[in-house]
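K.L.:
Pasting a predicted model and its sequence here:
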Amino acid sequence: ISPGDFSGVISTVSTGLSVYHDRNLLRHYSAAGAVTGGVFRMNLGVGGFLAGTAIGALMGVPAGALILAMQKVGGETVRERRRRERREIYELKLEEWKARLHVTEGLVDEITGKDSMESDLVKLEELLNQPRNSELSVGEKI
């Protein structure tokens, strides 16, 4: 059993509990240590399983306390950072959507606007009222 397997199980269980409860609590680390200790001592029988669970739970408390303390010292927990980043991304997408909607409304107004249609009709009438080009004789065309 490698240390990577051990830490992988602890991380998976504690992260799963934190996501499920939407909180980062000390008891999640204790439960993760208990599950991991029990799983990795299961091969020693029921006694080994129970001892591993107890030792894992006891060792999960200081490990979780250290992790939570480091997050507090950092000023922002992982959960808070994730929520802040999601909120910032949402606000950026909302602003982009509003800008696109504004451009689209402007195009729709321009296409369906009466001003442009009336100005087009005036231009068309002016072109139709202009005198026709006189036909040139064959000698003048060359």
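P.N.:
Perfect, I can see it now.
K.L.:
So, low pLDDT: which residues of the protein?
P.N.:
Within the chain, the stretches with pLDDT under 70 are 1, 109-117, 134-142.
K.L.:
Strands along that one, start to end?
P.N.:
For the chain, applying DSSP state E gives no strands.
K.L.:
Got the domain ranges for it?
P.N.:
What the TED database lists as the domains of the chain is 26-77, 81-129.
K.L.:
okay, now residue 121: neighbour count?
P.N.:
10 (other Cβ atoms under 10 Å). (Each C-beta comes from the backbone N, C-alpha and C, glycine too.)
K.L.:
Please disregard the earlier target; I meant residue 17.
P.N.:
When neighbours are counted by other Cβ under 10 Å, residue 17 registers 18.
K.L.:
For the residue lying closest to it once chain neighbours are set aside, list the residues it contacts.
P.N.:
Distances taken as Cβ to Cβ, 6 or more residues apart in numbering put residue 28 closest to residue 17, at 4.1 Å, once the chain neighbours are dropped. Residues near residue 28 by Cβ atoms under 8 Å, 6 or more residues apart in numbering: 13, 14, 17, 18, 21, 64.
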